[in-house]
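Visitor: I need the structure of the sequence given here:
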Amino acid sequence: MGTDAMTSRLDLSHLLPPPRLRQLVRDWLQEDAPAFDPAGCAVGEGPERAVLLCKSPGVLAGCPFFDAVFTELGCTVEWFQPEGAWLEPVARVAEVRGKARHLLLGERTALNCLGRCSGVATAAGRACRLAREAGWHGQVAGTRKTTPGFRLAEKYALLVGGASGHRYDLGSLVMLKDNHVWAAGGIAQAIQEAQRVAGFHLKLEVECRSLEEALEAAGAGSDMVMLDNFSPEDLHPAASALKAAHPRVMVEASGGISEENISQFFGPCIDVLSLGCLTQSARAVDFSLKICRETPVQRDFAF
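Guide: Numbers count the residues shown, from 1 in each chain. Now for the predicted structure:
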């Protein structure tokens, strides 16, 4: 059974600044070919076309990164499936045209991006679908548990799958975790010091391990409270008590949430469920790129 990906008409590729996209793919290509390319030398620069095939089910995501890899190499891509579409194997997804050695130089980097992004989008899409089917109106989100050097692509894939990317980096949202609180000397102290430098434009969230900590954080001015590693049995009463005392505070639940148990965490007082497994444990979708070879015309010769 397929899953519903994002249905918005927004073109999410417009989120990606072109200079950043070019920088990323140049770094990735340089990582794969830092010096010579003997195999590429063997095939030369004759014009070729290659077909992109999807060999396992999933949501198609990461197309802008795939495009950018081949654009950097002077190749062109024609897509037969839109980003966000559910793919069933074996699907013909796109065609890439360019010089033979350039197609093969970009092949693995482009496939790695597409397979990884599609896996993250598929996991996000499944979790979001469970939320919709349960009638829960909060947000399913990823976390900052991403692959070093690949965060932009994974956060993008979460959006394609319909989930929130959560904060992109340390400066996107002020999140005070347990170590911040301990180092600062307490929840109120940590909030006060963070607010001094955060400015009016950044929200502040505190990670809390108990209802008492959550009430202290909300009372000290936190915009959001994360109820961390609460069991479902403890989570919902705590969230209800917190909302009763501080109706405007946003409540996030995180820790130990997976596709298998997420339905236990849906509740009217939970605004956000964040899942590290969407990026940490997502299984890549299997793609391959095959150079097309026309079947030679058979001729009969009379002697």
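Visitor: pull out the buried residues from whichever strand or helix holds residue 110.
Guide: According to DSSP states H and E, residue 110 maps onto helix 100-133. Residues 100-107, 109-131 are the ones in helix 100-133 that count as buried (16 or more other CB atoms under 10 Å). For glycine as for every other residue, the C-beta is placed from the backbone atoms N, C-alpha and C.
Visitor: what does stretch 56-69 give?
Guide: Neighbour-count burial for stretch 56-69 flags 56-69 (criterion: 16+ other CB under 10 Å).
Visitor: farthest-separated two in those residues?
Guide: Maximum pairwise distance in the buried residues of stretch 56-69, criterion CB to CB, is 25.3 Å, between 57 and 68.
Visitor: before we move on, the earlier item: could you dump the buried residues of stretch 56-69 to CSV with secondary structure, pLDDT and distance to residue 255?
Guide: Below are the buried residues of stretch 56-69 laid out as CSV (DSSP: H, G, I helix; E, B strand; the rest coil; pLDDT from 0 to 100; distance: CB to CB, whole Å):
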residue, secondary structure, pLDDT, distance to residue 255
56, coil, 98, 30
57, coil, 98, 29
58, strand, 98, 26
59, strand, 98, 26
60, coil, 98, 31
61, coil, 98, 26
62, coil, 98, 28
63, helix, 98, 33
64, helix, 98, 32
65, helix, 98, 30
66, helix, 98, 34
67, helix, 98, 37
68, helix, 98, 35
69, helix, 98, 36
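Visitor: got CSV for those residues, with distance to residue 12 too?
Guide: Below are the buried residues of stretch 56-69 laid out as CSV (distance: CB to CB, whole Å):
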residue, distance to residue 12
56, 23
57, 21
58, 17
59, 13
60, 12
61, 9
62, 11
63, 9
64, 8
65, 12
66, 14
67, 13
68, 14
69, 18
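Visitor: between these, which is nearest residue 279?
Guide: residue 61 (12.4 Å).
Visitor: for residue 168, give me its contacts.
Guide: Going by CB atoms under 8 Å, 6 or more residues apart in numbering, residue 168 touches 151, 155.
Visitor: next: the one 10 residues further on.
Guide: Neighbour list for residue 178: 207, 209, 228 [criterion: CB under 8 Å, 6+ apart].
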